[in-house]
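A.B. asks: Predicted model and sequence below, questions to follow.
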Amino acid sequence: MAVDMGLNILIVDDYKTMLRIVENLLKQLGFTNVYQATDGSMALKMLRDGAFGLIISDWNMEPMTGLQLLKEVRADRKLNTVPFIMVTAESKVENVAAAKEAGVNNYIVKPFNAETLKQKLSAVLGAF
Amino acid sequence: MTEPECLATLEASLPQKIKTAHAATRLPPTAEEISTIVQQTVSTLTGDVTAGDLKFYVGLQELASFIRNARKEIAEIQPKDITVSHIPLATDELDAVVEATEEAANKIMDVCDMIQDIAIACKPEVNEKLVACTTRIFEACNFQDITGQRITKVVTTLKRIDKKVEALLKALGEEINRNGEARAIVNDDSDALLHGPQLPKNAVDQAAIDKLLSGE
């Protein structure tokens, strides 16, 4: 099935520079509907109020970390099937293991490039 | 009183007397207070003072002297400067670094957006090359996120050190805090005019500098 390039994507990061980078790269790849949240609580509210097809989140945020956001999303009946990609500087094995256990769909380590983003998105959404 | 009896008496009474002195003031006993307690305790011992008693007493006097010197040395290094001046200045400077890199990264990306807008009007092969170049610039701007996170870790560590120094100051009590207010940081460099970049709130802008030079 072809990937819907108009699906709503929510990117979550407390660094505005990062939000801008990811949004730009997603738009370069052809995705048209990209939304931003600067922390986990804002993200959860947007997710519960809206209809998102993908979440791309940082890990290191306060007061709610990306891992906590992931767990909240997986515990929510409405949201628990939404694909979730972690994009983070956390690169230890234990981090990846924890994210996997919490139900992450893919994991990208910062710094990353457009090609890596495309590969991980394809792995989750299908080829595009 | 035999030597073992003397030692048993000292071991039983000294800890309680030191604890009582601490409870009365809520501060660790000073070297002088410990010395006084030891003298009072030893003077209650009856019978000949044995070699063991003397050795024990000398040991306690040395301990009191060590504590007195340690407190004096710590007071001399002005530990209050660390919490009042050095650490706040360091964390302010690091915050300024994060802000400056964020500003720079955003300016770079603004220009990339402009190039991408221009690329739309170019031939497809030129468009492709321009977009590829700007994409690489966007990727490179990842640096701001990574450096920002590393600097945040440093700031957190500095704040922890600050708390520990503050706790140490409290534990060492009045003697340390009596050594006056924290001093302003004085440059160790031989050139006293080497201040480095100023924080944004303290910086003088180019227009103001031009006015100074022109004598306005």
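C.D. replies: Everything's here; your move.
A.B. asks: which SS class is the residue nearest to the spatial centre of chain A?
C.D. replies: Among the residues of chain A, the one closest to the centroid is A:I56, at 1.1 Å (C-alpha atoms, centre = their mean). Using DSSP: H, G, I helix; E, B strand; the rest coil, the structure places A:I56 in strand.
A.B. asks: Kindly state the beta-bridge partners for it.
C.D. replies: A:I11, A:I85 (DSSP bridges).
A.B. asks: That one reaches A:I9, doesn't it?
C.D. replies: Yes - with contact defined as C-beta atoms under 8 Å, A:I56 reaches A:I9; the gap is 6.6 Å. Where you see a C-beta, it was placed from the backbone N, CA and C, and this is true even at glycine.
A.B. asks: just to revisit the earlier point, wait, what's in contact with the residue nearest to the centre of chain A?
C.D. replies: A:I9, A:L10, A:I11, A:V12, A:V22, A:I85, A:V87 (C-beta atoms under 8 Å, 6 or more residues apart in numbering or on different chains).
A.B. asks: correct me, but B:I118 touches B:L130?
C.D. replies: Yes - between B:I118 and B:L130 there is a contact under C-beta under 8 Å: 7.3 Å.
A.B. asks: By average pLDDT, which secondary structure element in chain B comes out worst?
C.D. replies: helix B:174-177 (a mean of 57; mean pLDDT, DSSP states H and E).
A.B. asks: What distance do you get for the residue most central in space within chain B to B:L172?
C.D. replies: Compute the mean C-alpha point of chain B, and by C-alpha atoms, centre = their mean the closest residue is B:D162, 4.0 Å away. Distance, B:D162 to B:L172, by C-beta to C-beta, to the nearest Å: 16 Å.
A.B. asks: A:A114 too?
C.D. replies: Distance from A:A114 to B:L172, by C-beta to C-beta: 56 Å.
A.B. asks: B:K19 too?
C.D. replies: Here B:K19 is placed at a distance of 18 Å from B:L172 (C-beta to C-beta).
A.B. asks: go on, A:K78?
C.D. replies: 57 Å.
A.B. asks: Before I go, just wanted to say thanks for your time.
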